[in-house]
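A.B. asks: My questions are about this predicted structure, shown below with the sequence.
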2 protein chains.
Amino acid sequence: MPRPNRSAKKREELLPVLAEAFAEVGYRRATTAELARRCGVQETILYRLWNDKKAMFLAAIDHVYERSLTIWDGLLDAGEGKGTGAERILAHEATHHGEFGLYRVLFAGLDEVDDDEVKERLRATYRRFHRYIRDRIFEHRAARGIRDGVDADAAAWALLGLGTISNIGREVGLLTGAARRTLLRDIGQILLEGR
Amino acid sequence: MPRPNRSAKKREELLPVLAEAFAEVGYRRATTAELARRCGVQETILYRLWNDKKAMFLAAIDHVYERSLTIWDGLLDAGEGKGTGAERILAHEATHHGEFGLYRVLFAGLDEVDDDEVKERLRATYRRFHRYIRDRIFEHRAARGIRDGVDADAAAWALLGLGTISNIGREVGLLTGAARRTLLRDIGQILLEGR
DNA sequence: ACATTCTGACAGTACGCACTTACACTACGC
DNA sequence: GCGTAGTGTAAGTGCGTACTGTCAGAATGT
């Protein structure tokens, strides 16, 4: 049995680079040649790690969620005492939201939803984001003794929308950093409280 | 002087078809052959009306705004007495939002923002949408005597975000029609009032 | 009727891109 | 050291696609 297989490790190593590439130029324009160049490897190597370009993209979608979750969960663990978890995440996003541009992977995916696999993966990703946010809203309201807020489900969607439009505004140069901060902070608070 | 030029008329006639095509399959996948097929003409004809594919896309972006505005302005003119203009638009969108899928043209554009012309056109479009909504918020609050709501500018962005995420949710199959209705209605009302 | 410009159909071209084949080389277990 | 299976490099290949050249015919003002 010669040479152990390092594929898994290599995939893990290249995935962030792929995600960044898809984020920057979208799905169609991220040519396999460009992906390989950014990874510093030959195209063949990518094709040995993933079946095709779509598989690379699907993996990148998952990476977006996992990266966000890692950061958010870190915020929940650390910094106890400075408000509820939801407030801490909101405050963090108010200053750092979208700075890695990974959300653009999701935009790229929305352009490919007529592909069933892409659509399914996007659905799973958005659902996971939504549930996570909704749970934080529940926690927040429980901690604050809020019982009459609007449906937490709807509020979670609205918060997702807030993040999305904030990114779009940045993308097209309509929202400055300061504007995004007040947007996420003020409106975010209202949605959290639900009234 | 033989045969008057009907280019303008023809452009006007084909533009909705182009917009629909871009909405359905995005920019990259909307091949010129496909565009021509949907329009029922030869590719050459499209190229006589627009310089290149990008010009067709830019025109489609404008069309999205103009179509929405036509509908919304119609709602403002008609149906006086049933709430403020903002409320009427919101109620309308709650049931009809995104049913033509034209917003997907904007998603497609977001995948092409590294092109300066596309980015500029998107910025102009989002700005116009934002201003229109903001003005409706001002009117609403004036009519209701609301003076302590959150910044109308921010609220307008949040409403845009609400519409956007509503479309995304529909797109990936996470939000049913009923869910979108309550989302736009309940959260929309909160944002309108600003508290 | 006629000149002139618009209109429509078709084939073609150059290129970019996803994906493959082929092959030399390397590291490991026995 | 030897066979096996993983790794790196290079050169294709075939297809899809944006865009063009050509040319016959059709509609208009004079």
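C.D. replies: Arrived safely.

A.B. asks: Name the SS class of residue A:66, please.
C.D. replies: Three-state call for residue A:66 (DSSP: H, G, I helix; E, B strand; the rest coil): helix.

A.B. asks: Identify the residues contacting it.
C.D. replies: By C-beta atoms under 8 Å, 6 or more residues apart in numbering or on different chains, residue A:66 lies in contact with nothing. No exception for glycine: its C-beta is placed from N, CA and C like everyone else's.

A.B. asks: Then residue A:6?
C.D. replies: Here residue A:6 is in contact with no residue (C-beta under 8 Å, 6+ apart).

A.B. asks: Quick check on it: phi, psi?
C.D. replies: Residue A:6 adopts backbone torsions of phi -110, psi 20, taken as degrees, to the nearest 10.

A.B. asks: how about the residues of chain A near DNA strand C?
C.D. replies: Contact residues, chain A versus DNA strand C (C-beta under 7 Å from any atom of the strand): A:1-4, A:28-33, A:43-44, A:47, A:52-54.

A.B. asks: Need the contact partners of stretch A:111-129.
C.D. replies: Contacts of stretch A:111-129 (C-beta under 8 Å, 6+ apart): A:26-28, A:54, A:57-58, A:61-62, A:64-65, A:68, A:106, A:109-110, A:160, B:24-28, B:107-108, B:111, B:168-169, B:171-174.

A.B. asks: one more time with 7 Å, if that's ok
C.D. replies: A:26-27, A:54, A:58, A:61, A:64-65, A:106, A:109-110, A:160, B:25-26, B:107-108, B:111, B:168, B:171-174 (C-beta atoms under 7 Å, 6 or more residues apart in numbering or on different chains).

A.B. asks: Can I get the buried part of those residues as one PyMOL selection?
C.D. replies: Filtering these down to the buried ones (16 or more other C-beta atoms under 10 Å in any protein chain shown) takes a single PyMOL command:
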select buried, (chain A and resi 26+27+58+61+64+65+106+109+110+160) or (chain B and resi 25+26+107+108+111+168+171+172+174)
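
A.B. asks: that older thread, just the ones in helices from the residues of chain A next to DNA strand C, please.
C.D. replies: A:28-29, A:32-33, A:43-44, A:47, A:53-54 (DSSP state H).

A.B. asks: Next SSE downstream of the top helix by length along chain A?
C.D. replies: The single longest helix within chain A, with elements called by DSSP H, is helix A:116-144. Past helix A:116-144, further along toward the C-terminus, the next helix or strand under DSSP states H and E is helix A:152-171.

A.B. asks: for the record, mean pLDDT for that following helix?
C.D. replies: The pLDDT scores in helix A:152-171 average 96.

A.B. asks: Any chance you could list what contacts the helix or strand just after it?
C.D. replies: Downstream of helix A:152-171, the first helix or strand assigned by DSSP H and E is helix A:177-182. The contact list for helix A:177-182 (C-beta under 7 Å, 6+ apart) reads A:94-95, A:97, A:166, A:169-170, B:154.

A.B. asks: Of all the residues in the following helix or strand past helix A:177-182, which ones are buried?
C.D. replies: Heading C-terminal from helix A:177-182, the first helix or strand you meet, by DSSP H and E, is helix A:188-193. Across helix A:188-193, burial judged by 16+ other C-beta under 10 Å covers A:188, A:190-193.

A.B. asks: and what of stretch A:74-91?
C.D. replies: A:75, A:84-91.
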